[in-house]
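S.K.: structure of the sequence below:
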Amino acid sequence: TLSIVWGDENDVFHPITQIRNFTVQFDLVMNGENNTKSCQSVKDVVPMRLFTAQELYALATCCGLEVVEMFGALDDEVEVWNAEEE
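M.R.: The predicted structure is shown next:
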């Protein structure tokens, strides 16, 4: 079984460069003979650039693409203060 954890509450976000250092962890658990289990784990920090809806729209139109629809947090009908309830 492969388990992937993307992000950590202590991940750092730089507001000027809009880069978030995401923590990524892979845990691989394998069942062996006689119900033995072995586990391998890899954890690293990956810098990822976050884009605003306006930046995505501008990049798409500059490349000759037509933006047909935007969904989720990029939907302009979603209010900034609209937090999803879980």
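S.K.: run the chain-centre distance for stretch 40-56.
M.R.: Mean-position distance between stretch 40-56 and its chain equals 6 Å (CA atoms, centre = their mean, to the nearest Å).
S.K.: contacts for it?
M.R.: Taking CB atoms under 8 Å, 6 or more residues apart in numbering as the criterion, the residues outside stretch 40-56 that touch it are 11, 13, 17-28, 59, 70, 73-74, 76. All C-beta spots, glycine's among them, are computed from the backbone N, C-alpha and C.
S.K.: same question for that stretch: list its buried residues.
M.R.: Buried residues in stretch 40-56, defined by neighbour count with 16 or more other CB atoms under 10 Å: none.
S.K.: how far does it stretch from start to finish?
M.R.: The separation between the terminal residues of stretch 40-56, taken as CA to CA, to the nearest Å, is 37 Å.
S.K.: related to what we said a few turns ago, filter the contacts of stretch 40-56 down to just the ones in helices.
M.R.: Where these overlap with helices, as defined by DSSP state H, the overlap consists of Leu59.
S.K.: from the contacts of stretch 40-56, keep the buried residues only.
M.R.: Neighbour counting by 16+ other CB under 10 Å classes 20, 22-23 among those as buried.
S.K.: read off the pLDDT value for the most far-flung residue of the chain relative to its centre.
M.R.: Of all residues in the chain, Asn34 has its C-alpha farthest from the mean position, at 37.9 Å, by CA atoms, centre = their mean. For Asn34, the model assigns a pLDDT of 73.
S.K.: done for today, thanks.
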